[in-house]
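Visitor: What would the 3D arrangement of this be:
(one chain, ligands or ions: 1)
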Amino acid sequence: MNVAGDWYNELGSHMRMTTDPLGGIIGTYVSATGHSAGPYALVGRYETTTRPGYGTVLGWTVAWHNDRSDAESVTSWNGMYLDDGGDERIYATWLLTTVATETNAWECTTVGQDTFTRQVPELDQAALHIRLGTLSEPADHPADTTAMPTR
Ligand SMILES: O=C(O)CCCC[C@@H]1SC[C@@H]2NC(=O)N[C@@H]21
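Guide: Numbering: from 1, shown residues only. As a prediction, this is how the structure comes out:
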């Protein structure tokens, strides 16, 4: 196996990678979180030399600008592809940099880690948002007069 194909991370994001024999990666990335909507192009590289017992190193980048939205940010992941007897994983560290003025440049880059597997997440979008805290409490129903302030 190699890194080509579909991958899902712990946030519920989905990426699809196509590889070439010279170490090139192209594909698409759909993030389940952040200021993003729909698929974005990804481009990367992987190390083509393989060694028994070792992983494959790779890196890829997404600029969060597509025909639907522009977050004015870029994420680059660097990490390792491992295939433990068919249990495939990519462990990657990412840097997300968002546009900023020079004064605020000190806070423009966030670092984090993602683990990608071949496992399609079972959570639906609403459950994901609730887990990630991106949905607020439901508003009072307009017909529920007990919740309205009295004058
Ligand atoms: O909010 C943005 O500026 C664009 C979306 C960023 C999504 C980040 S990239 C690292 C982490 N892994 C994901 O799958 N999504 C978030």
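
Visitor: State which one residue of the chain is found closest to the ligand.
Guide: The nearest approach of the chain to the ligand comes at residue 34, 2.7 Å away (C-beta to the nearest ligand atom). No exception for glycine: its C-beta is placed from N, CA and C like everyone else's.

Visitor: Over to that residue. Which of the three states is it?
Guide: With DSSP: H, G, I helix; E, B strand; the rest coil as the basis, residue 34 sits in coil.

Visitor: Identify the residues contacting it.
Guide: 64, 71, 96 (C-beta atoms under 8 Å, 6 or more residues apart in numbering).

Visitor: Could you tell me the model confidence score at the second one?
Guide: With respect to pLDDT, residue 71 has a value of 97.

Visitor: Where does it fall, secondary structure wise?
Guide: Element membership of residue 71 [criterion: DSSP states H and E] is strand 70-84.

Visitor: Report whether the helix or strand following that strand contacts the ligand.
Guide: Next helix or strand after strand 70-84 toward the C-terminus (DSSP H and E): strand 87-98. Yes. Judged by C-beta under 6 Å from any ligand atom, strand 87-98 comes into contact with the ligand through 94, 96, 98.

Visitor: since we're on the last one, how many residues are nearby?
Guide: When you say that, I think you mean residue 98. Using other C-beta atoms under 10 Å, residue 98 has 17 other residues around it.

Visitor: I'd guessed it sits against residue 71; true?
Guide: Yes. When contacts are counted by C-beta atoms under 8 Å, residue 98 is listed as touching residue 71 (7.1 Å).

Visitor: show me where pLDDT drops low in this structure?
Guide: 1, 123-151 (pLDDT under 70).

Visitor: Contact residues of it facing the ligand?
Guide: Counting by C-beta under 6 Å from any ligand atom, the chain sits next to the ligand at 9, 11, 13, 31, 33-36, 64, 71, 73, 75, 94, 96, 98, 112, 114.
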